[in-house]
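Student: just coords:
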Ligand SMILES: [Zn+2]
């Protein structure tokens, strides 16, 4: 009897995961609504109130301790990873890309596209309030820098040469992101 119950529970969890997977591929807004109560670990750490950011302020010593040297260089020192080095370039599963420093959900798999640049590219963020955009005039170029709106971690840049529907290309350092696949959201199918 116990075994049967266990089987049923596993079946139900599996079914809801499948359900959520189809949702994320069809609509970004549904993703926002369905994954809020799922917390696999700190890799995914949405705001208490959707769309409302409470900034995280930590001393640099904290970030140095919790981030890998490469992630620290990109997120805290505005570095750029070498192109075609991130495993997230080839990540094609359904899921959420979160800030590698604070877990804020930044991009959904449904908005990822193959840009050929060697960096993970998206045509829009999960929520415009979650990415901060600042003009960056360094290196003799006028670019728009993209940062995590909560922890201030540098993510990359946004360019006006992306695909439809937005025409934008968010060119993001893979090391500044964590990928959380949809199968890690067993509650995602529940509203
Ligand atoms: Zn962050």
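Tutor: All right, it came through fine. Everything numeric here is computed off the predicted structure, so don't read it as measured data.
Student: Three-state assignment for the residue sitting nearest the centre point of the chain, please.
Tutor: Central residue of the chain (Cα atoms, centre = their mean): residue 97, 2.2 Å from the mean position. Classification of residue 97 using DSSP: H, G, I helix; E, B strand; the rest coil returns strand.
Student: over to residue 183?
Tutor: helix.
Student: how far away is it from residue 162?
Tutor: Note on residue 183: its distance to residue 162, by Cβ to Cβ, to the nearest Å, is 28 Å. For the C-beta atoms, the positions are set from N, CA and C on the backbone; glycine is no exception.
Student: residue boundaries of the helices in the chain?
Tutor: Shown for the chain, the helices assigned by DSSP state H span residues 2-26, 28-34, 60-66, 69-77.
Student: averaged pLDDT, the longest one. What do you get?
Tutor: What it means is helix 2-26. On average, the pLDDT along helix 2-26 is 41.
Student: same question for the last one.
Tutor: The pLDDT scores in helix 69-77 average 96.
Student: what's the angle between it and strand 95-99?
Tutor: Angle between the axes of helix 69-77 and strand 95-99 is 70 degrees (criterion: axes from the mean of the first three to the mean of the last three Cα atoms, to 10 degrees).
Student: wait, residue 85 touches residue 173, no?
Tutor: No: contact criterion Cβ atoms under 8 Å: residue 85 and residue 173 do not qualify, at 9.6 Å.
Student: who has more neighbours out of those two?
Tutor: More crowded of residue 85 and residue 173, by other Cβ atoms under 10 Å: residue 173, with 29 against 14.
Student: distance of that one from residue 74?
Tutor: Noted for residue 173: a distance of 5 Å to residue 74, by Cβ to Cβ.
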